Each structure stands twice: as C-alpha cells, then as structure tokens.
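S.K.: prediction below, plus the sequence it came from.
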Amino acid sequence: MPTINVGGVEIEVDEDGFIADPNLWNEAVAKALAETEGVSELTEDHWKVVNYLRNYYLQFGIAPMIRKLCKETGFSLKQIYDLFPSGPAKGACKVAGLPKPTGCV
Amino acid sequence: MAKLASEPDRSLCTRLLAGPSPSHARELAQSRYPLAMYTEGLAHGKPAYGHGGYISIPELPAGVAIRKSCRPDIIEESAYIRILPPAGGWLGADTLERLADCADKYGKGLVHFTTGGTIEIYTTREQMVPMVKELNRAGLDVGSTGDDLRCITSCCGPARCDVALIDAPALATYLGRRFMDEQQFPGYPQKVKSGVAGCPNDCIRAMMEKDHSLVGVYRDLPVVNEKRLMAWREAGGDLDALVQACPAQALHRDGETLTILADRCWRCMVCINRCPAIRPGKERGVAWIAGGKYGHRGPQGPMVGYVLIPFLPITNEDYSAIGDLFGAFLELWADHARKKERVGDFLARVGPLWVLKQLGIEAQPQILLSPKRNGY
Ligand code: SF4
Ligand code: SF4
C-alpha cells in the first residue's frame, strides 16, 4: 500500500490516497493529505468543512450527504469546490481522514 | 468458452461507409475516432465500450464523463466533456469554427450533438482543462453531467416560429444563467432535465422527456380573423374538416362563420396549426410541468409530466417569479427525494398536491381531482 510521510511517520493510504486507518488521523495528517490535493494551506474555512465531516463521520460512521454538508457549513457547493478543487468527496473527505466514500458526497 | 463458428464479420462498418446518404460511419471515419472500436463492437454483437461514470477534475466539477474500454489494445478509455448548448440550439458559423478548432486541437476532430441537446467532444482527461479554457473564450461553457441540473433546452420560439406564445429561448437562457452553478456542480439526488417549449405543440417534448419544464400557453380564446378565413376558404381550406379536427368539439360552423365555444375550448393548438386564420389568444404565460421522463429506470418507468400550475402569467418579459418557483421546486425535490429518485418518481410518491402545499401554492381547480397530463 502507498504511504504518505507525516513528520517522519509513514501513514498508509489506499490507491486513491484515502487514509487506510481513519483512527490515525490528526491535524498534521490532514495537512499532509491536503498537500496531496493541491491545497497548500488549510484556512479557517477549510477547517470548518473538515471538522464538520470529521464529527459527522465519528458520530454516524459514514460521510454526510452533499446537501447536508452545504446546509450545515453554510458553504455553497461552488465554494466547497473552491476550497477543495477535487470536490467534497475526493477532496474534503480525504483531508478529513474519512475512508473513501461510496455514497454521493 | 465455445469457439466462434466463424470469423466475426468486420465488414458491417465498411458497408455503413458507402452510399450517397449521410453516414455516421463516414463522419467517424473522417475523424480520429477509433473506428476499430465500432467495427469490433458490430462484429461481436456487443459494444466495445463498457460502463463508465462521471469524474470531476480540479477546476471542472461537472462536465467530464468516462466510458471504459473493453478493448484497451485499441483505446484505453474514452473521456468526453459536455458543452452547454445555447437555448434554441443555434450555433453561428464563428462559434462552430471555434468548436471545430477545439475538437481538432484537443480532441479527436469530432463533435457530437446529442439527443439530449448537449454538445460533446471526445478527448482525454489531460486535455480537458486547456480545452475548456478555450471553449470559455469562445463564449461556451461546460456542465450538464452527473447528478445536476442538465442543460435547459428550448424550441426556437419566436425567432423562427409563427405560433410561438412566449419567448422560449429567452426564458431558457434566463434560467440557464440563473442556475449555472446547479448545472456545473452536481449536488442533487439525480439528474434533472429541463425544457422550455414556446407553445403546447411542444416540439421539444418537454412534457414527456424532461423532469421539470415550462410550456407556453394562452388563457383567453383563439382569435378568428374573418377576412383571412375567407381567403383560406377561397384557397381551398376545408371548414368541415377543421371543425371535425377540434378535439373538444368547440368549433361551431354556421354557414361561413366560425365561432369558438368558450366553455368547451381546451386552448390547444389544433385549429391554430391547421388554419392560418385562427391565431392563439393574447393572454399568455406558461404552464409549469414536472415529472416527465423517458427513462425506464425507477418505479414509474417512462411518464408524462404533471401540470402543477396551468397558467403563470409573464409580464414585460420578467422571468424572475418563474425562476423563483423553478429554484424552489428543485430545492424541495432535492431535500426530500430518495437517493437516485427522479422528479417523476418523487412526484408519484409524495403526490403533486403535497408539493403545491409545501411551496405554499393554491391548487388550481383543473388539477384537483387528477392533475392534467396535457399542457392545454
Ligand atoms: S413548441 Fe410551439 S413555439 Fe416552439 S417551435 Fe414548436 S410550434 Fe413553435
Ligand atoms: S384551441 Fe383546440 S379546443 Fe379550442 S377550438 Fe381550437 S382546436 Fe378546439
């Protein structure tokens, strides 16, 4: 399995770059994952989306529906794409340390 | 596996190339489309392309789709992008040239005008972003792919039709601009197709093929011009046949005069289509229709849309109220639809009256017992 390097520690990711073990996620990992998505700096807005996704995932074990994400964070889908160019599923969920979503985020 | 009885017949495609009439195979062959994929598909009795899907590329949330290849020895995959068509479907020679340039420079030298109204160019993932930038410079934009609002098609309306009741392409353009993000950022439970027809003739089949449509209608009665009726009669017009053709028995003939029975007339287009002396009424607006689809998937299968509001007036070419309703309905559907539930299946499940209630719209008597299933 491929890995990414976070402060000298190798973290396993799947073929699409999603974290293999969501329990290993932390802020430093998020930053490293963001780099793989072409997001060089995580701003307050990025964190708002990431934290929402993270908390939802911890609570329900899945990623929220795309519309729920927009409604709860107050960002339009376009703004989410501006923050995470590969979109809510491939981009934001990856940075938030969720496993690869099968649903429709 | 059983051995093939004989060598697959690869001549089918060659035969399609021959002859004087237009040939899709000839067009494909003239481009860099991998004709072998088509030939192999025909020879083996099943397409050489496999299922694909939609992908989003950074900078391009919607518009890009992929078809897998069952013959990677010929082509690895086919990626294509959808371009939003201008309402009414016109493309000026300049725009066509720019489109052709893009297809040539980044794609396979081939442009596909789809049955759904979009324009597709086949290319590769890598060429997408530079090509879209060039398309944008030519005044075109991409979208209409995946679970989003698909391109809003319209008929030609008054730009080339004598019976147009509303400016269909103008309304479609208004909606297209206002709901551009919805066409480019897939966030719905399913795709939703829209059409605007200029009159109940509905040449674009909005009622039957689109999930969410507007059809131009008139509310007063058709107008009979006596003088033109005389001229039409003198030129051989058959008045009895005209009276017979009315589906509502609303035309009454008394000698050479024709009257329309107001309480019978459906406000359709039959007499107007048949006789140039009869013109549509002056009080015009749109019927709001939702739930049409031709797709066979979903519990309801193909269905004709429901007329949710039989008449919405249009004054001074102001489309904002129609746009508000258009957007409010899409939100309602998206919030309450099941995963992958198309508008028609959703409407059949929750009932049209529930939708009207949620949107705070009073149901018109015409739809109370059973919503009308025609636009008149
Ligand atoms: S739908 Fe009506 S207005 Fe539009 S092209 Fe057909 S006949 Fe003309
Ligand atoms: S509009 Fe239709 S229903 Fe009315 S008179 Fe003409 S044909 Fe008959």
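M.R.: That came through fine. Numbering: from 1, shown residues only, chains lettered A, B, ... in the order given. Ligands and ions are numbered 1, 2, ... in the order given.
S.K.: list the contacts of the closest residue to B:Ser213 other than its chain neighbours.
M.R.: Distances taken as C-beta to C-beta, 6 or more residues apart in numbering or on different chains put B:Ala206 closest to B:Ser213, at 3.7 Å, once the chain neighbours are dropped. The C-beta positions use only the backbone N, C-alpha and C, and glycine is treated the same way. The neighbours of B:Ala206, taking C-beta atoms under 8 Å, 6 or more residues apart in numbering or on different chains as the test, are B:Thr153, B:Ser194, B:Gly195, B:Val196, B:Ala197, B:Ser213, B:Leu214, B:Val215, B:Ile289, B:Gly292, B:Gly305.
S.K.: tell me where chain A has helices.
M.R.: A:27-36, A:44-60, A:66-73, A:77-83, A:87, A:94-95 (DSSP state H).
S.K.: quick one, the third one and helix A:44-60 angle?
M.R.: So the one you mean is helix A:66-73. 120 degrees (axes from the mean of the first three to the mean of the last three C-alpha atoms, to 10 degrees).
S.K.: C-alpha coordinates for helix A:66-73, CSV please?
M.R.: C-alpha atoms of helix A:66-73 as CSV (Å, rounded to 0.1, in the frame of the first residue of the first chain):
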residue,chain,number,x,y,z
ILE,A,66,-23.6,16.6,-0.1
ARG,A,67,-26.6,18.9,0.6
LYS,A,68,-26.3,18.3,4.3
LEU,A,69,-22.7,19.4,4.2
CYS,A,70,-23.6,22.6,2.4
LYS,A,71,-26.5,23.4,4.6
GLU,A,72,-24.6,22.7,7.9
THR,A,73,-21.5,24.6,6.9
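S.K.: surely B:Ile57 touches B:Val129?
M.R.: Yes. Assessed by C-beta atoms under 8 Å, B:Ile57 is found in contact with B:Val129 at 6.6 Å.
S.K.: helix or strand: which one has B:Asp104?
M.R.: helix B:93-106 (DSSP states H and E).
S.K.: now do the residue in the stretch 51-200 of chain B positioned nearest to chain A, the pLDDT please.
M.R.: Residue of the stretch 51-200 of chain B nearest chain A, by C-beta to the nearest C-beta: B:Pro58 (3.5 Å). According to the prediction, B:Pro58 has pLDDT 80.
S.K.: ok, B:Pro86 - contacts?
M.R.: B:Pro169, B:Thr173.
S.K.: against ligand 1, how distant is it?
M.R.: 16 Å (C-beta to the nearest ligand atom, to the nearest Å).
S.K.: same thing with A:Val95?
M.R.: 48 Å.
S.K.: check contacts around that residue.
M.R.: If you count contacts by C-beta under 8 Å, 6+ apart, A:Val95 has them with A:Ala30, A:Leu33, A:Ala34, A:Glu37, A:Val39, A:Leu42, A:His46, A:Val50, A:Phe84.
S.K.: closest to ligand 2 out of the residues you listed?
M.R.: Nearest to ligand 2 among these: A:Phe84, at 54.3 Å, using C-beta to the nearest ligand atom.
S.K.: ok, the nearest residue to the closest one once chain neighbours are set aside - contacts?
M.R.: Spatial nearest neighbour of A:Phe84, chain neighbours left out: A:Gly91 (3.1 Å); criterion: C-beta to C-beta, 6+ apart. A:Gly91 makes contacts with A:Glu37, A:Val39, A:Leu83, A:Phe84, A:Pro85, as judged by C-beta under 8 Å, 6+ apart.
S.K.: tell me which two of the residues you listed sit farthest apart.
M.R.: Pairwise distances among the contacts of A:Gly91 were taken by C-beta to C-beta; the largest, 10.1 Å, belongs to A:Glu37 and A:Leu83.
S.K.: okay, these two: which has more neighbours?
M.R.: For A:Glu37 and A:Leu83, the more surrounded residue by other C-beta atoms under 10 Å in any protein chain shown is A:Leu83, and the numbers stand at 21 against 18.
S.K.: from chain A, which residue is nearest to ligand 2?
M.R.: Going by C-beta to the nearest ligand atom, ligand 2 is nearest to A:Arg67 of chain A, at 42.7 Å.
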